[in-house]
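[1] Give the three-dimensional model of this entry:
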Amino acid sequence: MDRNTIIGMVLIILVYALYMWTSTQQTPATNTTATTADSLSKTTAPSSPTTTTNTAPLPVPTSDSTILANGIFRPATGSTEQFFDVENDLFRIKLTNQGARIYRTELKKYQTYGKQPLILNDGEANVFNYKFYVGQQPVETQQYRFEGKQLSPQSVAFRLYADSLSYIEQVYTIKDGSYEVDYQFNMVGMEKRLLGGAPMQLEWRSQMLGQEKELETERYVTGVYFKEQEEGAYWLSETSDDSKDISTPTEWVSFKQHFFNQTLIAAPKPFKSAKVSIAQPTQQDDRTLELAAATLDFSYEATPTFSYPMRLYMGPNHYSTLRKMGLDMQRLLPLGWGIFGWCNKLIIIPIFNLLSGVISNYGIIILLLTLVIKFALMPLTYRSFRSFAKMNALKPELEAIRAQYPDDKQRQQMETMQLYNRSGVSPMGGCIPQLIQFPILVAMYRFFPASIELRQEQFLWANDLSSYDSILQLPFKIPFYGDHVSLFCILSAVSTYFATKMNAQMSPQTDTNNELAMQMKMMQNIMPFMLLFLFNSMAAGLTYYFFLSNVIGFAQQWAIKKYFINDNKLREEIIANQNKPRQQSAFQQMIEQRLREQQQQQKK
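    Numbers count the residues shown, from 1 in each chain. Have a look, this model is predicted:
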């Protein structure tokens, strides 16, 4: 491995480390119509036997004498909290008449790492509360128990009456094959009680629960995302408590976990402004990831029936699903910024989706994906090793230069550059193809941990390709390593060691006694050792890909050396180039000029 290769590898590591650091620091369809009083009085089919419902017609006040002493709203009849279930093939939602809100959401097609039902939100810690004023009297809807009715197995309506003709209504409707909830907030007959333009606030809070193997790892990728109108999606810090006041119209706010999210979408009219925040729990509960909150502002319009339609998405962070919803919601997946994100969106994900459409084993899919990518990059790999082979063919001339100027390093470098130019060899020819492949590596680093398709998918000894594999659980934790041993990580490190050894054999050789050779040998040994610490807690899908990539790359190097590179022909080509007049490139002229200037300064 020559100095140029070492420089290229060091640059790759530095850019990679900078990218990882900046990634942790950056901060980043049909609406339900208003339901009338007549629709609520219609008889509907009863719910399933497991559903606790109230299917009796909603009682309507006969006079204003039923209004509470505060002169605003009357509570629901009965003193106990009532629950209503709606479900489809994807999720089951329990609603409560206490504030007419979602009480619990269970995703049917997923389980926690412990094989328990996956509950996205649960209990009293979840708040969905409207705040506004009627005159001087503050109103908070979650303090009231609404009258509720099951309109159908997939729709529930709640009302809070002020009198027989005035009420607040909230309607939840779902449909099969969708993780969306069509949600309608209506205020009927309230135009005499509220002025037009009166401010309304929706207070939404959620206790996000841990679902995966490692709570700390999951917490690291849990956050609050939001999208301002005509802007891209942004997010709060995922590594510390954070908050933000948003003064511009806001289209959606999302409480996002590693593989799932709860997103509230204001459609077609965005919220006027918002305030979002996220905080870690003060008590480190073993199920609580973060406490997310949003305060969303909109205005009341003084009409007989004021409606503010919204949608709720409560489901997986699946790229294609979120992308179809529009509104830039696919940004919830951390696929990388710039060229790295485009590599995922335009190359990795389409190939992965194509393969997963015909193959069910994700270990085989990753193998085929690696083969496709490595063979697509084969021309770059060939050019890289051909460049190394050309420089290696110049070994006699390079040794002659070192022998002629043993104590003048500057003159050695200048003569070497001139030799490369006469021979038609580019010293950067082996590094540039490797740097071009670098975005694919980073894209894979972002793709595998974020891919919900790999979640809880088993392959060989790995029981979850989206998390680390472990063949040995240690009784203690090693700093920067962890308390487990990942076999895919070890295979990646070992394969990297042998790949660099073979690469060194194919690269131009240098004097083994000089300091540079010692540094190169040290780098070859340190890199695999570093991977043991960097990759031990990485997703098994990623370390498995890295191992496959090394093995396939090893085979490509061997094939190139044996069947595609003829050292004698390369030597003849170089000699022919040396006999042709050649003009130095601007880059070579600049390097040579600087070497001359340094040489002159040393003579003074």
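[2] what's the closest non-adjacent residue to N186?
    E169 (4.1 Å; CB to CB, 6 or more residues apart in numbering). For the C-beta atoms, the positions are set from N, CA and C on the backbone; glycine is no exception.
[3] pLDDT score for L460?
    Here the pLDDT value assigned to L460 is 93.
[4] picking up where we left off before, what's the distance between the residue nearest to N186 and K272?
    22 Å (CB to CB, to the nearest Å).
[5] neighbour count winner among those two?
    E169 (25 against 17; other CB atoms under 10 Å).
[6] dump the residue contacts of that one.
    By CB atoms under 8 Å, 6 or more residues apart in numbering, the residues touching E169 are A34, T35, A157, F158, R159, L160, Q184, F185, N186, M187, V188.
[7] what do you get for S243?
    L236, K275, V276, S277, I278.
[8] Kindly report the same for M190.
    Here M190 is in contact with A162, S166, I168, Y300, F306 (CB under 8 Å, 6+ apart).
[9] I'd like to know how many residues surround the second one.
    Spelled out, that is S166. Quick note: S166 (other CB under 10 Å) scores 20 neighbours.
[10] Same question for the last one.
    In terms of burial, F306 registers 21 neighbours under the definition other CB under 10 Å.
[11] how much space is there between the closest residue to S155 other than its chain neighbours and A157?
    For S155, ignoring the flanking residues on the chain, the nearest one in space by CB to CB, 6+ apart is T173 at 4.3 Å. The gap separating T173 from A157 is 9 Å, by CB to CB.
[12] what do these two both touch?
    Joint contacts of T173 and A157 (CB under 8 Å, 6+ apart) are L151.
[13] higher neighbour count, these two?
    Per other CB under 10 Å, whichever of T173 and A157 has more neighbours is A157, with 25 against 19.
[14] Next up, phi/psi of the more buried one, please.
    phi -120, psi 140 (degrees, to the nearest 10).
[15] Correct me if wrong: it contacts F146.
    No - using CB atoms under 8 Å, A157 is not in contact with F146; the gap is 9.1 Å.
[16] residues shared between the contacts of these two?
    Common neighbours of A157 and F146 (CB under 8 Å, 6+ apart) are Q170.
[17] Can you classify T239 as helix, strand or coil?
    Going by DSSP: H, G, I helix; E, B strand; the rest coil, the secondary structure assigned to T239 is coil.
[18] what separates it from G197, distance-wise?
    Applying CB to CB to T239 and G197 gives a distance of 40 Å.
[19] Name the residue in these two with the higher neighbour count.
    The residue with more neighbours, out of T239 and G197, is T239; 13 against 9, by other CB under 10 Å.
[20] how much space between that one and E290?
    Counting by CB to CB - T239 and E290 are separated by 11 Å.
[21] F480 now?
    F480 is 25 Å from E290, by CB to CB.
[22] following the helix or strand of the chain at the bottom of the mean pLDDT ranking, which helix or strand shows up next?
    Lowest on mean pLDDT, DSSP states H and E among the helices and strands of the chain sits helix 37-40, with a mean of 37. Next along the chain after helix 37-40, taking DSSP states H and E as the criterion, comes strand 83-87.
[23] Torsion angles phi and psi at N261?
    Per degrees, to the nearest 10, the backbone of N261 is at phi -150, psi 160.
[24] Verify the contact between it and G315 for me.
    Yes - counting by CB under 8 Å, N261 touches G315, with 7.4 Å between them.
[25] Can you show me the helices along the stretch 451-600 of the chain?
    487-506, 515-534, 540-559, 567-578, 586-603 (DSSP state H, counting those that start in this stretch).
[26] what's the nearest residue to the one residue sitting closest to the centre of the chain if we skip its chain neighbours?
    For the chain, the residue nearest the mean C-alpha position is P334 (2.3 Å; CA atoms, centre = their mean). In this structure, P334 finds its nearest non-sequential neighbour in A450, 5.6 Å apart by CB to CB, 6+ apart.
[27] pLDDT at that neighbour, what is it?
    So A450 comes in at 91 (pLDDT).
[28] Which ones among the contacts of M190 lie within strands?
    A162, S166, I168, F306 (DSSP state E).
[29] Tabulate those in CSV, adding columns for distance to V551 and pLDDT.
    What follows is these, written out as CSV (distance: CB to CB, whole Å; pLDDT from 0 to 100):
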residue, distance to V551, pLDDT
A162, 72, 88
S166, 72, 89
I168, 64, 94
F306, 64, 94
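[30] Return the member of those residues nearest to L120.
    Ranked by distance to L120 (CB to CB), the ones in strands among the contacts of M190 are led by I168 at 25.7 Å.
[31] Pull the contacting residues for the closest residue to that closest one other than its chain neighbours.
    Excluding its sequence neighbours, the residue lying closest to I168 (CB to CB, 6+ apart) is L160, at 4.5 Å. Listed by CB under 8 Å, 6+ apart, the contact set of L160 reads F73, A76, A100, T141, Y144, F146, E147, Y167, I168, E169.
[32] quick one: the first one and E169, what's the gap?
    Pointing back at F73 there. Distance from F73 to E169, by CB to CB: 12 Å.
[33] ditto for the third one
    The spacing between A100 and E169, counted by CB to CB, is 9 Å.
[34] now P199
    In terms of CB to CB, P199 sits 20 Å off from E169.
[35] again with G541
    47 Å.
[36] thinking again about what came up before, and which of the ones in strands among the contacts of M190 is nearest to F91?
    Of the ones in strands among the contacts of M190, the one sitting nearest to F91 (CB to CB) turns out to be I168, at 25.7 Å.
[37] Pretty sure the closest one sits against E147.
    No - I168 is beyond contact range of E147, at 10.5 Å (criterion: CB under 8 Å).
[38] Out of the two, name the residue with the larger neighbour count.
    E147 (26 against 23).
[39] my guess is that one meets Y161, correct?
    Yes - using CB under 8 Å as the test, E147 is close enough to Y161 to be in contact (7.0 Å).
[40] if we can go back for a sec, so what does the residue nearest to I168 have for phi and psi?
    phi -120, psi 110.
[41] Make 35 the first number, not 1, from now on.
    Shifting the count to begin at 35 puts that one at L194.
[42] And it, what's its pLDDT?
    Reported pLDDT for L194: 92.
[43] Against G133, how distant is it?
    9 Å.
[44] Now do the shared contacts for the two.
    T175, Y178, F180.
[45] which one of those residues is nearest M359?
    T175 (27.3 Å).
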